[in-house]
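>>> just need the structure, nothing else, for what follows:
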Amino acid sequence: MKFDNLIIGGGLAGLVCGIRLAEAGQRCAIISRGQSALHFSSGSLDLLAELPDGSPVNFPLQALEALKQQAPEHPYSLMGADNVSRYAADSEALLARCNITLQGSYQQNHQRITPLGTQRATWLSPEEIPTAPLPWKHITVVGIAGFLDFQPELVAGSLAENNIAVQTAELTLPALDTLRNNPSEFRAANIARLLDMPEQQLLLIKELKALANKTDALFLPACLGSHDEKIWQTISRELPCQLRLLPTLPPSVLGMRMYHQLHRRFQQLKGIMMPGDAVLNTKMGQNNVSAIFTRNHAEIPLRATSYILASGSFFSNGLEAKFSGIREPIFGLDIRGPLLREEWCKEDFFCPQPYLQAGVGIDEYFHPTLAGQRIENLYAIGSVLAGFDPLQQGCGAGVSMTGALHVAQQILDSKGAGA
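Next up is the predicted model:
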């Protein structure tokens, strides 16, 4: 089987790269082992929230020079500030083409309200997520009876510290009783499947109206709109006050919805998804990948002009931590990171952990190396890369998206496919 591009990994980086290449008429396939990390995300996307020295970032583009000084191997530093700016803007345009409606801009971070009621700097957020400064004086945080993945009292306690009058309430919704009987099934995604039904939305609106008379806004756990953000808008229009949603513990409805929208766009562009598959073997020759072999295709080689590794970090098994060291399991690529096992972690759990910056080393073109030799037709993108801490620096989505577009543009330029 022959393609223009083969992408290993169906998360944010892999999908964005595949969409951009497919938009230019390239024949692309994505090999995906299982659920994307997007299923476990908040639905918000970070660009750069903090420098390695702990300095907060309000204007990401203005902080890139300082980032380069502090972290010369950060993917942004390798890519260059002009490219980061260009591809951040292109990322917003691509998301819009996928019918993903978000608030925010790469020019300046905003403060979103987290599931604990605190504030976190970020780049883009779903429209239903409340952002600071909050314009309401009275807020009611509404939980769902028996739903343990969202604690309204914790949210209310944090919001009250900002001189906001906050109260809590609870929805019962008898239709959820079946899910309540099995705590392992009483999760946001399952609740959303039920509440997405039109007849259940009418009952939900009725209960919310009873809570909406003496408040300026209702905050609910994000258990609405698995595939359609308009459900939130429809319910909100029926209420006498504002309605906003807060992410819950994974699986995340907002993250799942973003994944489905990206996935749908890729398939609309004739991209080929190979779900539930995994690369078992690779064939190399003259510093190039010549073929890969996967579990589902047995001995049938998959060939492409370009290969893109977007397999994720430890969470997605794109990286493995062994007693002998950290390794990239598909190609055995060269790794940058702490060599000694005792250097992987710090005793203080809340400190930035060194292992998070371990990953595949790349050059400015995002080519990795194998035994010190650059692989000319292989690129690496996303959280498999070395040189950044997505948690401490708040840049995981930005690295994934801008890097994906950076690689896609190089591939298109090399094939004369244009911008």
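>>> ok now do residue 46, which residues does it touch?
By Cβ atoms under 8 Å, 6 or more residues apart in numbering, the contact set of residue 46 is 121-123, 390, 394-398. The C-beta positions use only the backbone N, C-alpha and C, and glycine is treated the same way.
>>> now do the strands in the stretch 301-419 of the chain.
With DSSP state E, counting those that start in this stretch as the criterion, the stretch 301-419 of the chain has strands at 303-309, 320-322, 325-327, 335-336, 359-360, 369-370, 373-374, 378-380.
>>> which among the ones you listed is found nearest to residue 247?
strand 359-360 (26.0 Å; Cβ to Cβ).
>>> which helices and strands sit right next to that closest one?
Judged by 3 or more Cβ pairs under 8 Å, 6 or more residues apart in numbering; DSSP states H and E, the packing partners of strand 359-360 are strand 335-336.
>>> what is the strand it packs on packed up against?
Packed against strand 335-336 by the contact rule (3+ Cβ pairs under 8 Å, 6+ apart) you find strand 325-327, strand 359-360.
>>> partners of the first one in the sheet?
Spelled out, it's strand 325-327. strand 320-322 (antiparallel) (DSSP bridges).
>>> domains of the protein?
The chain breaks down by automatic domain parsing into domains covering 2-108+256-414, 130-246.
>>> dump those into CSV; add mean pLDDT and distance to residue 116 as well.
Below are the domains of the chain laid out as CSV (pLDDT from 0 to 100; distance: least, Cβ to Cβ, whole Å):
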stretch, mean pLDDT, distance to residue 116
domain 2-108+256-414, 95, 12
domain 130-246, 91, 5
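>>> of all the ones you listed, which one comes closest to residue 117?
With distances scored as Cβ to Cβ, the stretch of these nearest to residue 117 is domain 130-246 (3.0 Å).
>>> on that earlier part again, relative to residue 83, which of the strands of the stretch 301-419 of the chain is closest?
Nearest to residue 83 among those is strand 378-380; the distance by Cβ to Cβ comes to 14.3 Å.
>>> sheet partners, orientation included, of that closest one?
Strand pairing (DSSP bridges) places strand 378-380 next to strand 303-309 (parallel).
>>> just the CA atoms of the strand it pairs with, as CSV, please.
Coordinates of the C-alpha atoms in strand 303-309 are reproduced here as CSV (Å, rounded to 0.1, in the frame of the first residue of the first chain):
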residue,chain,number,x,y,z
ARG,A,303,5.1,2.7,2.0
ALA,A,304,5.1,6.5,1.7
THR,A,305,7.3,9.3,0.5
SER,A,306,7.2,10.9,4.0
TYR,A,307,6.7,9.4,7.4
ILE,A,308,5.6,11.4,10.4
LEU,A,309,6.0,10.1,14.0
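>>> got the contact list for that strand?
So strand 303-309 is contacted by 1-9, 14, 17, 29, 289-292, 318, 328, 330-331, 333, 360, 368, 377-381, 384, 407, 411, 415 (Cβ under 8 Å, 6+ apart).
>>> just the buried residues of these.
The neighbour-count criterion (16 or more other Cβ atoms under 10 Å) marks 3-9, 14, 17, 29, 289, 291-292, 318, 328, 330-331, 333, 360, 368, 377-381, 384, 407, 411, 415 among those as buried.
>>> good, wrapping up.
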